[in-house]
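Asks: quick one, fold the following:
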Amino acid sequence: MIAHQKSRLLEFLRKNRSMKLNIRTEALFEKPEYDDGGNEIGSQELVYALPSTRFNIGNEDELRQALEDSVKQILLQIQNLEASTSNLRFKNILSITIHYDKYDPTRAGRYIELPEWIKLNKACINIKNKHQKCFKYCIQSVVYGKIS
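Replies: Residues are numbered from 1 along each chain as shown. Alright, predicted model coming up:
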């Protein structure tokens, strides 16, 4: 299912330049029940949520890698559950939910008036300009030693 959504995710990435991605999975497991003689007399079905890491993606290679890593994480969680809970057996995946949205990290570059106590401390470079390039100018002032 994840592979079938790849074209939709690629299209979204091309339109938005960057995205955040999270894949959530629910899996069905079976836990057998035994009688006193060790004979299997039935089983109980259990549903487990298998969350994945949130990925911040900026290009097609990162998307491909994030999808591969998500699948690996899901498989590893299934193995860990089977190993940690006695007699737990994986049956199937019930659902895969892919959450994705635009990723727009906070950007530097806009002048913000500082509180007076920070100004007086002189611990912050805060260059006022008309071009919204404050961050660039702050870096240049440090590199070229123009801090007063």
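
Asks: which stretches in the protein count as helices?
Replies: Applying DSSP state H to the chain gives helices spanning 6-16, 60-84, 116-121, 134-143.

Asks: can I get those in JSON lines with distance to Asp101, mean pLDDT and mean neighbour count?
Replies: C-beta: built from backbone N, CA, C; applies to glycine. Listed next are those as JSON lines, based on distance: least, C-beta to C-beta, whole Å; pLDDT from 0 to 100; neighbours: other C-beta atoms under 10 Å:
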{"stretch": "helix 6-16", "distance to Asp101": "9", "mean pLDDT": "91", "mean neighbour count": "13"}
{"stretch": "helix 60-84", "distance to Asp101": "14", "mean pLDDT": "92", "mean neighbour count": "15"}
{"stretch": "helix 116-121", "distance to Asp101": "33", "mean pLDDT": "86", "mean neighbour count": "10"}
{"stretch": "helix 134-143", "distance to Asp101": "25", "mean pLDDT": "79", "mean neighbour count": "14"}
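
Asks: in this structure, what residue sits furthest out from the centroid?
Replies: The C-alpha centroid of the chain is most remote from Gly37, which lies 47.2 Å away (C-alpha atoms, centre = their mean).

Asks: residues near Ile23, how many?
Replies: Per other C-beta atoms under 10 Å, the neighbour tally for Ile23 reads 25.

Asks: go ahead and confirm Glu82 touches Phe90.
Replies: Yes - the pair Glu82 / Phe90 is scored as a contact, 6.0 Å apart, by C-beta atoms under 8 Å.

Asks: the residue most central in space within the chain - nearest residue in space that isn't next to it in sequence?
Replies: Geometric centre of the chain, nearest residue: Arg54, 0.9 Å, by C-alpha atoms, centre = their mean. Beyond its immediate neighbours in the sequence, the residue positioned closest to Arg54 (C-beta to C-beta, 6 or more residues apart in numbering) is Asn22, lying 4.6 Å away.

Asks: returning to what we had before: quick one: which of the helices of the chain is nearest Phe29?
Replies: helix 60-84 (6.6 Å; C-beta to C-beta).
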